[in-house]
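Colleague: need coordinates for the below:
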Amino acid sequence: MTRTHFRDSLDRLQSDVVHMGHLALSLAEQVVGLGIEGRSDLLSAIEADTKSLRGLRADVEGRCITLLATQAPVASDLRRLSSIFKIAADFEAVGEALLQVARVTAARKPRPQTAAALRSFASRLLEALSHTVRFCEAGDPDDARRVRELAPDQDSVEGLESALMASIKTADDATDRMPLLRLIPEVERVADLCRKVVARVEYALSGQGAPA
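Modeller: Now for the predicted structure:
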């Protein structure tokens, strides 16, 4: 394989990882529709998209391993290859976390006390994921900055948890609604993965910072 073909292969792998990011973003939008609007009809589509992410991750990882085994990447190409390998797993993990959120929230429309808090939190998380995908695609530092500003932090997560708890305490079906608290670690995981993806892309581009 010539160096030109090797670089072309890297470019195709990057495009496929970006495609995974767009699929994860679409999946997140569906999960928001399910969780906030109670659209349980979206669950089957969410499960199908998560399965697609698993397949894409396996394909990307296999091709990365083949390139690593058959080529002798220079330092910059090796950084890029290893970052692509890890980002594919990150986007798959985003999908898995969102699937768990979907399963927990299926058919449970939010109570009025939590609707505003849920919408605000969901909007922030979706925007952070959108900028994450854009940064993978174009490497614009402004997108990386926006991810760090928007990815939900501990305060915003605790605010969401408090709103859910207040709603559960006053609900007639409190026992049925307690599982909603399980979504907290899953949305924290998505936020952490957005930050990890940004760190991996920055490392691939500049070599600065410890490998994520």
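Colleague: only C-alpha atoms from now on, for both contacts and neighbour counts.
Modeller: Noted.
Colleague: just name the shakiest helix or strand of the protein by mean pLDDT.
Modeller: For the chain, counting by mean pLDDT, DSSP states H and E, helix 174-177 ranks last in confidence among helices and strands (a mean of 79).
Colleague: what are the buried residues along that helix?
Modeller: Arg177 (16 or more other C-alpha atoms under 10 Å).
Colleague: which residues outside it are in contact with it?
Modeller: If you take C-alpha atoms under 8 Å, 6 or more residues apart in numbering as the criterion, helix 174-177 is touched by 108, 168.
Colleague: return the alpha-carbon coordinates of it using CSV.
Modeller: What follows is helix 174-177 as a C-alpha-only set of coordinates in CSV (Å, rounded to 0.1, in the frame of the first residue of the first chain):
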residue,chain,number,x,y,z
ALA,A,174,-43.6,7.6,42.8
THR,A,175,-42.6,4.0,42.9
ASP,A,176,-43.0,3.7,39.1
ARG,A,177,-41.0,6.9,38.6
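Colleague: other SSEs contacting the helix or strand encompassing Ala116?
Modeller: Here Ala116 sits within helix 112-138, counting by DSSP states H and E. Helix 112-138 sits against helix 3-37, helix 141-150, helix 154-169, helix 183-206, with contacts defined as 3 or more C-alpha pairs under 8 Å, 6 or more residues apart in numbering; DSSP states H and E.
Colleague: mind listing what the residue nearest to Arg124 when sequence neighbours are not counted touches?
Modeller: Excluding the flanking residues, the one nearest Arg124 by C-alpha to C-alpha, 6 or more residues apart in numbering is Leu150, at 5.9 Å. Residues counted as contacts of Leu150 (C-alpha under 8 Å, 6+ apart) are 124-125, 127-128.
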